[in-house]
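Trainee: got a predicted structure plus its sequence, pasted below:
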Amino acid sequence: MAQRKMIVFPTKNELSQAMAEYTANLSAKFIKEKGLFTVVLSGGDLIDWLCKLVQPPYIDSIEWSKWHVFWVDERVCAWEDPDSNYKLAMEGFLSKVPIPDKNIYAIDKHWAADGNAEHCAALYEECLKDLVKEKIIPISKKTGYPEFDLQLLGMGPDGHMASLFPNHPQINEKQKWVTHITDSPKPPPKRITFTLPVINSSLYNLMAICDKAPAKSVAEIMKRNNLSLPSAHLSAQVENVWYLDQAAASEL
Ligand SMILES: O=C(O)[C@H](O)[C@@H](O)[C@H](O)[C@H](O)COP(=O)(O)O
């Protein structure tokens with residue numbers, strides 16, 4: 001498993017620029033190697049930081065038609081709800097680039113609007129299994145779990161990643177690929193999330209963290225490897241890279 005690497009950027013703008021370049025380079029590499037690129041998004045501020053991808057030169061150079069887009073976690077609510085990670089990503093990013101609709105794998109529309117978190121998680125896992133059969137997602141020979149090319153992650157001030165929160169049992173799930181939570185400490189309470197083995201089976205994981213609020217948790221992870229914080233468990237098969245701005249790195 002890859003060692004954690006950390007890069008601190010002077011500003012959020014530079015972090016955003018580097019994230020776009022990192023994503024574009026991996027997109028080119030994987031499309032050349034296997035004809036497609038699987039990208040997993042999270043919610044939160046990350047989508048804002050992806051803004052550089054919808055600007056030149058990336059907007060024109062990326063082969064968007066070869067992208068397949070997933071969510072590492074999603075809030076269980078209607079697609080139109082302001083809480084929806086799908087809505088956030090569509091409005092801020094995906095609607096601005098020509099990725100075919102069929103390659104965007106959102107939470108089930110009906111069951112999400114209905115608020116059924118358990119069923120939404122089961123359906124999302126089924127969707128991943130169908131894509132394994134269709135050879136869009138391989139199963140890693142090393143981990144035995146689905147292998148995505150790149151995940152773009154964020155961390156909350158409490159050290160959570162995806163919807164794996166401190167002192168909640170979801171972090172220990174090893175059987176399921178996708179699980180659910182109905183009492184998330186960060187609102188809204190109902191969510192679905194990739195499990196830790198699936199998150200760590202990704203080839204490349206980029207964790208992007210900005211601002212002062214998560215700085216203490218960043219220090220707990222970087223200096224003390226405090227495993228009570230879910231993000232401290234992040235790994236990857238090839239590269240586990242953490243991009244921080246100055247404020248997020250201020251307690252290091
Ligand atoms: O649904 C969510 O809330 C996100 O997917 C979540 O996992 C996010 O990545 C972190 O909470 C960081 O969020 P912020 O960038 O908003 O702090």
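Mentor: Alright, I've got the coordinates.
Trainee: residues in the stretch 51-200 of the chain within reach of the ligand, list them.
Mentor: Applying Cβ under 6 Å from any ligand atom, we find that the stretch 51-200 of the chain lies next to the ligand at 73, 75, 85, 154, 155, 156, 160, 161, 162, 163, 186. Every C-beta, even on glycine, is put in place using the N, C-alpha and C of the backbone.
Trainee: who wins for neighbours among these?
Mentor: When neighbours are taken as other Cβ atoms under 10 Å, the top entry among these is residue 162 (30 neighbours).
Trainee: output the lowest mean pLDDT helix or strand found in this structure.
Mentor: The helix or strand of the chain with the lowest confidence, counting by mean pLDDT, DSSP states H and E, is helix 46-49 at a mean of 92.
Trainee: how about it: buried residues?
Mentor: By 16 or more other Cβ atoms under 10 Å, the buried positions in helix 46-49 come out as 46, 47, 49.
Trainee: for the last one, which residues are in contact?
Mentor: Which is residue 49. Listed by Cβ atoms under 8 Å, 6 or more residues apart in numbering, the contact set of residue 49 reads 12, 15, 16, 19, 208, 210.
Trainee: what's the nearest residue to it if we skip its chain neighbours?
Mentor: In this structure, residue 49 finds its nearest non-sequential neighbour in residue 16, 4.5 Å apart by Cβ to Cβ, 6 or more residues apart in numbering.
Trainee: phi, psi of that neighbour?
Mentor: phi -60, psi -40 (degrees, to the nearest 10).
Trainee: list the contacts of it.
Mentor: Counting by Cβ under 8 Å, 6+ apart, residue 16 has contacts 49, 50, 51, 52.
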